[in-house]
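S.K.: Sharing a model that was predicted from the sequence below.
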Amino acid sequence: MEMGVEEGETPAVVLVDGGDEATAARAVEEVLDPAETLGAYDAARVRSFFDVGQAELDATDGGLEGLVLERVALLVVER
């Protein structure tokens, strides 16, 4: 991972899906401390990382978040 992960403690989001979700969620809560994980970000760094230029931002109503979500959704992942 190139962005957002550093040595030491870092906020993370854990998603539990399928199976006995309540039991799995309790197991996750036993080893992690709940905290706020989302919020402010460095827009210039995000734009640079995802190669989002001003012209592209000007051409959409979705804003930076929408453009990043689109790039992630279109990401080709080797299986």
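M.R.: Perfect, I can see it now. Treat the numbers as computed from the prediction; the structure is a model and nothing was measured. Numbering: from 1, shown residues only.
S.K.: low-confidence ranges in the chain?
M.R.: Within the chain, the stretches with pLDDT under 70 are 1-6, 37-38, 78-79.
S.K.: run the last query once more with 90
M.R.: For the chain, the stretches flagged by pLDDT under 90 are 1-42, 45-46, 49-50, 60-62, 69-79.
S.K.: which residue ranges form the helices in it?
M.R.: 21-31, 43-49, 54-58, 63-73 (DSSP state H).
S.K.: Quick check, Thr60 in contact with Leu67.
M.R.: Yes: the pair Thr60 / Leu67 is scored as a contact, 6.4 Å apart, by C-beta atoms under 8 Å. C-beta coordinates here come from the backbone N, C-alpha and C atoms, glycine included.
S.K.: Those two: which is more packed in?
M.R.: Counted by other C-beta atoms under 10 Å, Thr60 and Leu67 do not tie: Leu67 has more neighbours, with 20 against 12.
S.K.: Contact partners for the residue nearest to that one when sequence neighbours are not counted?
M.R.: Leaving aside its chain neighbours, Leu67 sits nearest to Val52 (5.2 Å; criterion: C-beta to C-beta, 6 or more residues apart in numbering). By C-beta atoms under 8 Å, 6 or more residues apart in numbering, the contact set of Val52 is Val46, Leu64, Leu67, Val68.
S.K.: From Arg71, how far out is the first one?
M.R.: Right, the one you point to is Val46. In this view, Val46 and Arg71 are 11 Å apart by C-beta to C-beta, to the nearest Å.
S.K.: before we move on, the earlier item: turn the contacts of Val52 into a markdown table, columns for distance to Glu36.
M.R.: Output for the contacts of Val52, formatted as a markdown table (distance: C-beta to C-beta, whole Å):
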| residue | distance to Glu36 |
| --- | --- |
| Val46 | 19 |
| Leu64 | 20 |
| Leu67 | 24 |
| Val68 | 20 |
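S.K.: quick one: which of those residues has the most company?
M.R.: Leu67 (20 neighbours).
S.K.: you'd agree that one is up against Phe49?
M.R.: No: using C-beta under 8 Å, Leu67 makes no contact with Phe49, being 11.8 Å away.
S.K.: For Val28, see how far away Thr34 is.
M.R.: Let me fix one detail, which is that residue 34 is Pro and not Thr. The gap separating Pro34 from Val28 is 10 Å, by C-beta to C-beta.
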